[in-house]
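> I need the structure of the sequence given here:
(chains A, B, C and D)
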There are 2 protein chains.
Amino acid sequence: MTDLTPRAAAKRQQIMDAALAVFLENGYVGASMDQVAALAAVSKQTVYKQFKDKEHLFRSIIEDVGDRVDDPFVEISEQVAETDDVERAIHELAGRFVTTIMDPRVQQIRRLVIGEAVRFPALGRAYWERGFGRAIATVAGCFARLDERGLLKVEDPMTAANHFAGLLLWIPSNRVMFHGRTDAVSAEELGTFAASGARAFLTAYGTPS
Amino acid sequence: MTDLTPRAAAKRQQIMDAALAVFLENGYVGASMDQVAALAAVSKQTVYKQFKDKEHLFRSIIEDVGDRVDDPFVEISEQVAETDDVERAIHELAGRFVTTIMDPRVQQIRRLVIGEAVRFPALGRAYWERGFGRAIATVAGCFARLDERGLLKVEDPMTAANHFAGLLLWIPSNRVMFHGRTDAVSAEELGTFAASGARAFLTAYGTPS
DNA sequence: GAGCTGCGGTACTAGACGGTACAGTACTCA
DNA sequence: TGAGTACTGTACCGTCTAGTACCGCAGCTC
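Numbering: from 1, shown residues only, chains lettered A, B, ... in the order given. As a prediction, the model looks like this:
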């Protein structure tokens, strides 16, 4: 996809934005290429010039979304790793974690990828590893450092990071997934989930102080 | 759906079994009524005699699956609630919990319902509450009893039960959801997830002994 | 300004879909 | 045995779909 004129590149972006919206709303099978072209304000011919067929379009979109996610937890993880107030820092990390992952857009894409994971298994796996996997690895690194510094007691950082995620996200994530609406969980509820999850995590992995 | 001759009832069951299989494989939009009729070894006419249209067929199937789930944790929860060896009992409960929820059939239906939750929001919510919700409530009751008996320290049993579930299921559930294959997690891995989750839970919610 | 390229619009093909109609066959029950 | 019902098989309708062909216009390059 190198070597595109600026105009073509702009069209391509229009198409991808529109296609993502259409796929999110209707799923892979339910989405039609006519809808995509119409929403992109582009002719079908142009769509097929840039993307071989529907399947390639879908793959490009999901891969693109996965690539765009530059791990949003690097900065805060570094701060948390060097904190002197673990409790406060973990609560902050929890809050950031929950609001980031529970962002409506992220959840919509999550549902789409899960729903099509039988049709596109490799795509699902790649999305998961490049997206959430990196975030978990970052947090795991943070926990490892806190263990070194004697502020947490973490034998296996990856497991601890996954437990952290499970404590925080299991409830709201399932609620959104099964309710089909991104507003199924309010911001306040997210706050209480983050707080109770962080408390449980600190009890499980904190050092007796 | 009362008042069916035995023959009609048998046909109906054939259709529902076949339809579930077809929906699981192809999703709601991707499944065709011809496929369903063929797999059920039944004419399309018979399908439409029993079910008004595709949507009613889908709803009937998901509701039926939800109804069939009689909470599989009642018995073990009662045993755990009255145990004298909490650690051992929680580990057993964890093992049962993970193997039951991570059953391939359960996970397939979970994916289907999530994938169609935008199209059928009420169905998704009902499935979640009647299925997993009841299981969580049962486990929460068990934890409340263990708190009474001084063997756990549980302020909010429902939150504790959800934390239990999150610790155990977050990792394997996501793996299966995104891999699109039910064999993405081996039985041994399930065992280690159950064990490490149970340990974390006991540290977080156990009483200092 | 000629020529080329990219794009829009539309019409098209070939097939699949949900749902229905109908004629003929198997079963049930009196 | 006979009447009535349930079922099968196939053909069909209208609609939608992915993907292609073609024409005509706009904008860029030399």
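
> quick one: the helix or strand A:Leu202 falls within near chain B?
Using DSSP states H and E, A:Leu202 sits in helix A:187-205. Yes. Helix A:187-205 is in contact with chain B by Cβ under 8 Å from any Cβ of the partner chain, via A:Ser196, A:Gly197, A:Ala200, A:Phe201, A:Thr203, A:Ala204, A:Tyr205. No exception for glycine: its C-beta is placed from N, CA and C like everyone else's.

> dump those to TSV, plus pLDDT.
Shown next, in TSV, are the residues of helix A:187-205 next to chain B (pLDDT from 0 to 100):
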residue	pLDDT
A:Ser196	98
A:Gly197	98
A:Ala200	98
A:Phe201	98
A:Thr203	97
A:Ala204	97
A:Tyr205	97
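
> out of those, who's nearest DNA strand D?
Nearest to DNA strand D among the residues of helix A:187-205 next to chain B: A:Gly197, at 40.7 Å, using Cβ to the nearest atom of the strand.

> got the contact list for that closest one?
A:Ala94, A:Val98, A:Phe164, A:Leu167, A:Leu168, B:His163, B:Gly166 (Cβ atoms under 8 Å, 6 or more residues apart in numbering or on different chains).

> buried set for the host helix or strand of the first one?
In the assignment (DSSP H and E), A:Ala94 maps to helix A:86-101. If you call a residue buried by 16 or more other Cβ atoms under 10 Å in any protein chain shown, then helix A:86-101 has these buried ones: A:Val86, A:Ala89, A:Ile90, A:His91, A:Glu92, A:Leu93, A:Ala94, A:Gly95, A:Arg96, A:Phe97, A:Val98, A:Ile101.

> repeat for stretch A:34-53
Judged by neighbour count (16+ other Cβ under 10 Å), stretch A:34-53 contains these buried residues: A:Gln35, A:Val36, A:Ala37, A:Leu39, A:Ala40, A:Val42, A:Thr46, A:Val47, A:Gln50, A:Phe51.

> what sits against the spatially closest residue to A:Val185 that is not a sequence neighbour?
Using Cβ to Cβ, 6 or more residues apart in numbering or on different chains and skipping the chain neighbours, the partner closest in space to A:Val185 is A:Pro172 (4.5 Å). Contacts for A:Pro172 (Cβ under 8 Å, 6+ apart) come out as A:Val98, A:Met102, A:Val185, A:Glu189, A:Leu190, A:Phe193.

> now the first one. Nearest residue, chain neighbours left out?
Okay, so that is A:Val98. Nearest residue to A:Val98, sequence neighbours excluded (Cβ to Cβ, 6+ apart): A:Ala194, at 4.3 Å.
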